[in-house]
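**Student:** Here you go, sequence then predicted model.
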Protein chains: 2
Amino acid sequence: MRHICDACDTIHYQNPKLIAGCIPTWESRILLCRRAIEPRRGYWTLPAGFMELGETISQAAAREAHEEANVDVAVGDIFTIFNLPHISQVYIFFLARMTSARYSAGLESLETRLFDEPDIPWDDLAFETVRRSLGYFLADRKTGNYALRVQDIDPDPRRVHER
Amino acid sequence: MRHICDACDTIHYQNPKLIAGCIPTWESRILLCRRAIEPRRGYWTLPAGFMELGETISQAAAREAHEEANVDVAVGDIFTIFNLPHISQVYIFFLARMTSARYSAGLESLETRLFDEPDIPWDDLAFETVRRSLGYFLADRKTGNYALRVQDIDPDPRRVHER
């Protein structure tokens, strides 16, 4: 099934979408945003969003952090990649360092806040991609050795495929 | 500028496209395909193509190898990621091991061939993404330590940005 324009016969190909995000940190704290939009309005997330035309993945991650949290970040290495084939999405999260302590809620956020590890709202996170990225980040930070994870996320949470 | 259907007002969002490929190897040799289609018809490439709905990146890479070279591969780790923002594309190449020595030209290939390192047709490669992926693969193979590269490829080849 394809979308084809009746007027000009242009085929609008549908391809998987790439979502770019980051884990913004200021000293030992992590910046999260509480979503002002559906899905998962009111839940906490890392800044992330659809990559746009003409940008690199890391530029997209920095732009989303700026849009959702009015924060400037220096984007580092890719840290997690998640396939969500049931919704044809690929998530890519980067490590990121805030370049100043200034931040505030953007239009798509109700609230933004820096969290120390014990205060992270694990039960109120918006997405599995965010939960895993935060968990791996905190685990790796203890050793200082950040390892790329590439994983598939299945709609059935009992079926987790890791590579 | 967006494509909007005059009949139903559906907005057909345009997002960057993800191209998945792999470096298929059989013992010490690398499988390349000579392109039967434009762009770069007649030049050698690694099997790669647009990711489709409902698949993971590594499934897309395996499917493309099967379509272009009738070859079965066990897909390994992600090895190179290239941003091509001027054409809104992201390339992801995986390491891959052929699971049998059987291969042949698919519909989009004129020819497929296993190359030993000294025979690789460097002057007749189709794309910069392929040239770099092969170069890094051969360099890393000497040490046995395969390191992920994430790079931007600029339309002006003198301006290469590496992260």
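**Tutor:** In hand now; what should we look at? Here the structure is a predicted model, which means the values were calculated and not measured.
**Student:** Can you tell me the strand partners of the longest strand belonging to chain A and which way each runs?
**Tutor:** Of all the segments assigned as strand in chain A under DSSP state E, the longest by residue count is strand A:73-84. Neighbouring strands of strand A:73-84 in its sheet, by DSSP bridges, are strand A:89-98 (antiparallel), strand A:149-153 (parallel).
**Student:** Could I get those in TSV, plus columns for mean pLDDT and mean neighbour count?
**Tutor:** Just so you know, the C-beta spots here come from the backbone N, C-alpha and C atoms, and that holds for glycine as well. Output for those, formatted as TSV (pLDDT from 0 to 100; neighbours: other Cβ atoms under 10 Å in any protein chain shown):
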stretch	mean pLDDT	mean neighbour count
strand A:89-98	98	23
strand A:149-153	97	20
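**Student:** Which among those strands is found nearest to B:Glu67?
**Tutor:** Set against B:Glu67 and scored by Cβ to Cβ, those come closest in strand A:89-98, at 20.1 Å.
**Student:** and A:Arg40, what helix or strand is that in?
**Tutor:** Following DSSP states H and E, there is no helix or strand that holds A:Arg40.
**Student:** Confirm A:Ala7 sits in a strand?
**Tutor:** No. Counting by DSSP: H, G, I helix; E, B strand; the rest coil, A:Ala7 is not found in a strand; it is coil.
**Student:** wait, what's in contact with it?
**Tutor:** The contact partners of A:Ala7, by Cβ atoms under 8 Å, 6 or more residues apart in numbering or on different chains, come to B:Asp6.
**Student:** the longest helix in chain A is where?
**Tutor:** For chain A, the longest helix by residue count, based on DSSP state H, is helix A:128-143.
**Student:** CA atoms of that helix as CSV?
**Tutor:** What follows is helix A:128-143, C-alpha atoms only, in CSV (Å, rounded to 0.1, in the frame of the first residue of the first chain):
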residue,chain,number,x,y,z
GLU,A,128,10.8,2.2,27.5
THR,A,129,13.5,3.8,25.3
VAL,A,130,14.0,6.4,28.0
ARG,A,131,13.9,3.9,30.9
ARG,A,132,16.6,1.8,29.3
SER,A,133,18.8,4.7,28.2
LEU,A,134,18.8,6.1,31.7
GLY,A,135,19.5,2.7,33.3
TYR,A,136,22.4,2.0,31.1
PHE,A,137,23.8,5.5,31.5
LEU,A,138,23.7,5.3,35.3
ALA,A,139,25.3,1.8,35.2
ASP,A,140,28.1,2.8,32.8
ARG,A,141,28.8,6.0,34.7
LYS,A,142,29.9,4.0,37.7
THR,A,143,32.7,2.5,35.6
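**Student:** List the residues that contact A:Val90.
**Tutor:** The neighbourhood of A:Val90, defined by Cβ under 8 Å, 6+ apart, consists of A:16-19, A:81-84, B:18, B:51, B:57.
**Student:** and it, what are its bridge partners?
**Tutor:** A:Leu18, A:Asn83.
**Student:** I'd guessed A:Leu18 sits against B:Pro16; true?
**Tutor:** Yes. Using Cβ atoms under 8 Å, A:Leu18 is in contact with B:Pro16, at 6.0 Å.
**Student:** Any idea how far the longest strand of chain A is from the middle of the chain?
**Tutor:** Relative to the centre of its chain, strand A:73-84 is centred 8 Å away, using Cα atoms, centre = their mean, to the nearest Å.
**Student:** orientation of it relative to helix A:128-143 in degrees?
**Tutor:** With axes from the mean of the first three to the mean of the last three Cα atoms, to 10 degrees applied, the angle from strand A:73-84 to helix A:128-143 works out at 130 degrees.
**Student:** what's in contact with strand A:73-84?
**Tutor:** Contact with strand A:73-84 is made by A:22-24, A:57-58, A:61-62, A:65-66, A:90-99, A:129, A:132-133, A:136-137, A:146, A:148-153, B:56-58, B:78, B:81, B:148, B:150, B:163, as judged by Cβ under 8 Å, 6+ apart.
**Student:** Pretty sure A:Tyr146 sits in a strand.
**Tutor:** No. Secondary structure assignment (three-state DSSP) places A:Tyr146 in coil, not in a strand.
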